[in-house]
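Participant: Got a predicted structure plus its sequence, pasted below:
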Amino acid sequence: MNQMTLCLLLFALMIVLFFIKKIPMSFSAMLIVVLLVVTGCVESKTALSSFGNSTVVTMASMFVVAAGLTRTQMINRISQMLYKVTDGSFTKVLATYMVITCILGQFVPSIVALFALVYPLVQNMCDRMKISPSKMMYPIAVACVSTSFIIEPIGPYAAWYVTQNGYLESYGWTASQLGMWSETLVFLPVGIVTMLVAVFITPKMLPDNPETALGNVTARKMQEKEPLSPMREVLGYGVFIAVIIGLMAGLPSWQITLAGAVVVVISGVLTEREAIDNLNMSTILLYIGVTVLGSALAETGAAEQLGNWLAGVLSGVTNGYIIGFAFYAVGYIMTSLLYNRAVSTVLVPLAVITCGAMGCDPRGPVILCALASMSSLITPLSTAVVPMAMNAGGYSAKTVFKAGIVHGIIRGVLGTAIAMTIFPAF
């Protein structure tokens, strides 16, 4: 049995363990890490490096910064204001948070940090309205992943089209190029529809109560304590705002969030024990496990094999919409197995090469590859936001798959229709 087959079998085992829920998901993920190393599907140094990468530091640090904000009165005041403005309407409250998350997502370059910034507000509002967080957390995750960076010229990816054009030229396509607004023409309308679906349809697909024990991301609430001193109250606000500004300014996310976490503790906004309790290790271990699996899938050639299969399937196809949706579908599947950052690295060059060989314009498929990497929220492998949301909302793997596949299909059909109409293949 070759390593690619072993790796795919271990991936299947992890999914089964997630579904049967006999072992906590975080330790199911750690079991898979051990098996991947023992079977040689991934090198030990690769597995170990995943425990200390920049995303892990960002996640842990942002949890502490968010806990510091929770310790202040800011969240209560914001929740009270929104509750009054929306008359306690669940739909209005969810829509408000979706819009806020979408707006922040145009500037904050880390969707992990974005979810960690928003979830304390959502959790507090759920407590105030006496509804389960299982009704809100997944839609907020959708907003973080699928509606961030949809207006590219004003966000951290303002020059991303230059990078995409570099791919086109490097892999032999010089007949056309992407412009600054090319991806926005597709992402923006798809993002708007995504928010409408997340507000009006997705909550109906989510459980009324958590299906699994809430992870640390929401379960460890601050005990009722005396209000902070005025100075520490201001520091709690100040650190939070400074971290947001630093993220928007493009500073390395792990550095700015770690600095914020340190200041929160040394200033006394949180005690050492409170900070440690809010590191949310179950979420972090789950993230590490699926990261290592994603690396193994890439190293063993599973992703490349999928791309080669697509090239063979598309040979002779002349309908641009079929070509575009095929690349979206493969990108969606790949993002479900690999972290979204890895998908563009693997699939975009393949899309350019395949389209070039077929004599069709690759701009639509390239945009759809990017859209697919923002659309898959059906497994914890796609982005760290998914395991964070699973812990925060108490979702089972089955629920995440069921809710996520609806978004994936809608975004794929709509995105393909728009992209392949604006940028026809032939």
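Facilitator: Received, thanks.

Participant: Skipping its backbone neighbours, what lies nearest Ala29 in space?
Facilitator: Spatial nearest neighbour of Ala29, excluding adjacent residues (C-beta to C-beta, 6 or more residues apart in numbering): Gly289 at 2.3 Å. Heads up, the C-betas are built off the backbone N, CA and C, glycines and all.

Participant: residues in contact with that neighbour?
Facilitator: By C-beta atoms under 8 Å, 6 or more residues apart in numbering, the contact set of Gly289 is 14, 26, 28-30, 32-33.

Participant: Quick one: the helices in the stretch 301-426 of the chain, in order.
Facilitator: Secondary structure of the stretch 301-426 of the chain by DSSP state H, counting those that start in this stretch: the helices cover 302-314, 320-337, 340-358, 363-373, 385-393, 397-422.

Participant: Turn those helices into CSV, columns for mean neighbour count, distance to Ser132 and mean pLDDT.
Facilitator: Shown next, in CSV, are the helices of the stretch 301-426 of the chain (neighbours: other C-beta atoms under 10 Å; distance: least, C-beta to C-beta, whole Å; pLDDT from 0 to 100):
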stretch, mean neighbour count, distance to Ser132, mean pLDDT
helix 302-314, 16, 37, 64
helix 320-337, 24, 26, 89
helix 340-358, 21, 28, 71
helix 363-373, 29, 30, 93
helix 385-393, 30, 8, 90
helix 397-422, 20, 12, 96
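
Participant: Out of those, which is closest to Met59?
Facilitator: helix 385-393 (7.5 Å; C-beta to C-beta).

Participant: which helices and strands does the helix or strand hosting Gly246 pack with?
Facilitator: Per DSSP states H and E: Gly246 is located in helix 230-248. If contacts are counted by 3 or more C-beta pairs under 8 Å, 6 or more residues apart in numbering; DSSP states H and E, helix 230-248 sits against helix 54-71, helix 74-85, helix 111-129, helix 253-266.

Participant: next structured bit after the third one?
Facilitator: Per DSSP H and E, the first helix or strand lying C-terminal to helix 111-129 is helix 137-146.

Participant: Hey, what's the angle from that following helix to helix 320-337? Just curious.
Facilitator: 120 degrees (axes from the mean of the first three to the mean of the last three C-alpha atoms, to 10 degrees).

Participant: For helix 137-146, name the packing helices and strands.
Facilitator: helix 90-105, helix 111-129, helix 182-200, helix 385-393, helix 397-422.

Participant: and it with helix 111-129, angle?
Facilitator: Going by the same axes, to 10 degrees, helix 137-146 makes 150 degrees with helix 111-129.

Participant: what sits up against helix 137-146?
Facilitator: 94, 97-98, 101-102, 105, 111, 114-115, 118-119, 122, 191, 194-195, 198-199, 202-203, 206, 218, 340, 374-375, 377, 382-383, 385-386, 388-389, 392-393, 395, 399-400, 403, 407, 411.

Participant: Relative to the whole chain's centre, how far out is it?
Facilitator: 8 Å (C-alpha atoms, centre = their mean, to the nearest Å).

Participant: Do me a favour and average the pLDDT over it.
Facilitator: On average, the pLDDT along helix 137-146 is 95.

Participant: And for stretch 67-83?
Facilitator: On average, stretch 67-83 scores 74.

Participant: Check stretch 254-274 too.
Facilitator: Here the average pLDDT along stretch 254-274 is 91.

Participant: got the buried residues for that stretch?
Facilitator: 254, 256-261, 263-265, 267, 269-270, 274 (16 or more other C-beta atoms under 10 Å).

Participant: What is the nearest of these to Val38?
Facilitator: So of the buried residues of stretch 254-274, ranked by how close each gets to Val38 (C-beta to C-beta), first place is Trp254, at 29.7 Å.

Participant: Which neighbouring elements make contact with the helix or strand hosting Val34?
Facilitator: Here Val34 sits within helix 25-38, counting by DSSP H and E. The helices and strands touching helix 25-38, judged by 3+ C-beta pairs under 8 Å, 6+ apart, are helix 3-20, helix 44-49, helix 281-299.

Participant: tell me, how many neighbours does Glu233 end up with?
Facilitator: Glu233 has 16 neighbours, counted by other C-beta atoms under 10 Å.

Participant: so what's it closest to, chain neighbours aside?
Facilitator: Thr72 (5.3 Å).

Participant: quick one: that neighbour from Ser54, how far?
Facilitator: Distance of Thr72 to Ser54, given as C-beta to C-beta, to the nearest Å: 27 Å.

Participant: Which one's more surrounded, the two?
Facilitator: Thr72 (20 against 14).

Participant: Would you agree that one is in contact with Ser267?
Facilitator: No. Counting by C-beta atoms under 8 Å, Thr72 stays clear of Ser267, with 11.8 Å between them.

Participant: Mind putting the helices and strands packed on helix 137-146 into TSV with distance to Cys360?
Facilitator: Listed next are the helices and strands packed on helix 137-146 as TSV, based on distance: least, C-beta to C-beta, whole Å:
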stretch	distance to Cys360
helix 90-105	32
helix 111-129	32
helix 182-200	16
helix 385-393	33
helix 397-422	10
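
Participant: among those, which is nearest Gly250?
Facilitator: Here helix 111-129 is closest among the helices and strands packed on helix 137-146 (C-beta to C-beta), at 12.6 Å.

Participant: Show me which residues of the helix holding Gly246 are buried.
Facilitator: Under 16+ other C-beta under 10 Å, the buried positions of helix 230-248 are 232-233, 235-237, 239-240, 242-244, 246-248.

Participant: Which of these sits closest to Asn165?
Facilitator: Once C-beta to C-beta is applied, the member of those that ends up nearest Asn165 is Met248, at 25.5 Å.

Participant: what secondary structure does the nearest residue to that closest one once chain neighbours are set aside sit in?
Facilitator: Once flanking residues are discounted, Met248 sits nearest to Phe107: 4.4 Å by C-beta to C-beta, 6+ apart. In three-state terms, and counting by DSSP: H, G, I helix; E, B strand; the rest coil, Phe107 is coil.

Participant: coming back round to it: and the contacts of the helix holding Val34?
Facilitator: 7, 10-11, 13-14, 17-18, 23, 42-44, 47, 212, 281-283, 285-286, 288-290, 292-293, 296, 380, 387, 390, 397.

Participant: Is there a quick ChimeraX command that grabs whichever of those residues are buried?
Facilitator: Selecting only the buried entries of these in ChimeraX, with 16+ other C-beta under 10 Å as the criterion:
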select :7,10,11,14,17,18,42,47,212,282,283,285,286,288,289,290,292,293,296,380,387,390,397
